[in-house]
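J.: Fold the stuff below for me.
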Amino acid sequence: FLLAGLFSTLASGFRYEAWLLALVFGFVIFLFGRRREAVLFSAVALLFPLIWMIQNCMATGDALYSYNGTAKWNLQTMGNNDSLRFESHLRRIWFFPFSWMIALGPPVAFITIKEIISRFRKENRVNTSPLIWTIPFWIVLLFLHYNVFNGMLLLQHRFVGTLVVLS
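T.: Sure thing, here's the model as predicted:
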């Protein structure tokens, strides 16, 4: 857990998605009843994000300045929310699921979706660990959709890599 937290904090220096994943994986570890390990992992995994946010707060007064600054740039400079048509809203809805399907390949995506649905059926709820391990996937997907709908994230296929790894 210490080593996983160390690699997670290193990943946080490269990608903002790792900040979210550190929180989510800490929560998942906690759900498995490993409270001490969840605290150990989270304490180490969140070192870089906490230091980064403290430095941002000291320098700009906004702890999430990097995130908010990028969002502002996407909204103002790129004009992500200017003159949105119905087609643009639809594209924002289906872009990441479709890109995920293409990245996995349609047969593998179909099998994955079928397996997730079968795990949610009542008769298969004896072992809940597969359901718990889908939480990171759904949270990252919702996070991507939330940011795309607000215009703070561009529709780029590179963001789907995290979803592919989590699936």
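J.: Which strands and helices lie in contact with the longest helix anywhere in the chain?
T.: The longest helix of the chain (DSSP state H) is helix 86-104. Where contact means 3 or more CB pairs under 8 Å, 6 or more residues apart in numbering; DSSP states H and E, helix 86-104 is packed against helix 106-120, helix 135-149, helix 160-166. For glycine as for every other residue, the C-beta is placed from the backbone atoms N, C-alpha and C.
J.: Same list (those helices) but as JSON lines, adding mean neighbour count.
T.: Output for these, formatted as JSON lines (neighbours: other CB atoms under 10 Å):
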{"stretch": "helix 106-120", "mean neighbour count": "12"}
{"stretch": "helix 135-149", "mean neighbour count": "17"}
{"stretch": "helix 160-166", "mean neighbour count": "18"}
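J.: so which of these comes closest to H89?
T.: Ranking the helices and strands packed on helix 86-104 by proximity to H89 (CB to CB) places helix 135-149 first, at 8.2 Å.
J.: so the longest helix of the chain versus helix 135-149, what angle?
T.: Angle between the axes of helix 86-104 and helix 135-149 is 150 degrees (criterion: axes from the mean of the first three to the mean of the last three CA atoms, to 10 degrees).
J.: Show me how far helix 86-104 is from its chain's centre.
T.: Relative to its chain's centre, helix 86-104 lies at 16 Å (CA atoms, centre = their mean, to the nearest Å).
J.: Just name the shakiest helix or strand of the protein by mean pLDDT.
T.: helix 65-76 (a mean of 67; mean pLDDT, DSSP states H and E).
J.: hmm, back to that, out of the helices and strands packed on helix 86-104, nearest to A11?
T.: For the helices and strands packed on helix 86-104, distance to A11 was read as CB to CB. The smallest value, 10.3 Å, belongs to helix 160-166.
J.: Could you export the helices and strands packed on helix 86-104 as JSON lines, including mean pLDDT and distance to A45?
T.: Formatted as JSON lines, the helices and strands packed on helix 86-104 follow (pLDDT from 0 to 100; distance: least, CB to CB, whole Å):
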{"stretch": "helix 106-120", "mean pLDDT": "87", "distance to A45": "26"}
{"stretch": "helix 135-149", "mean pLDDT": "88", "distance to A45": "13"}
{"stretch": "helix 160-166", "mean pLDDT": "89", "distance to A45": "16"}
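J.: Export these to JSON lines and append columns for distance to F14.
T.: Output for the helices and strands packed on helix 86-104, formatted as JSON lines (distance: least, CB to CB, whole Å):
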{"stretch": "helix 106-120", "distance to F14": "26"}
{"stretch": "helix 135-149", "distance to F14": "16"}
{"stretch": "helix 160-166", "distance to F14": "12"}
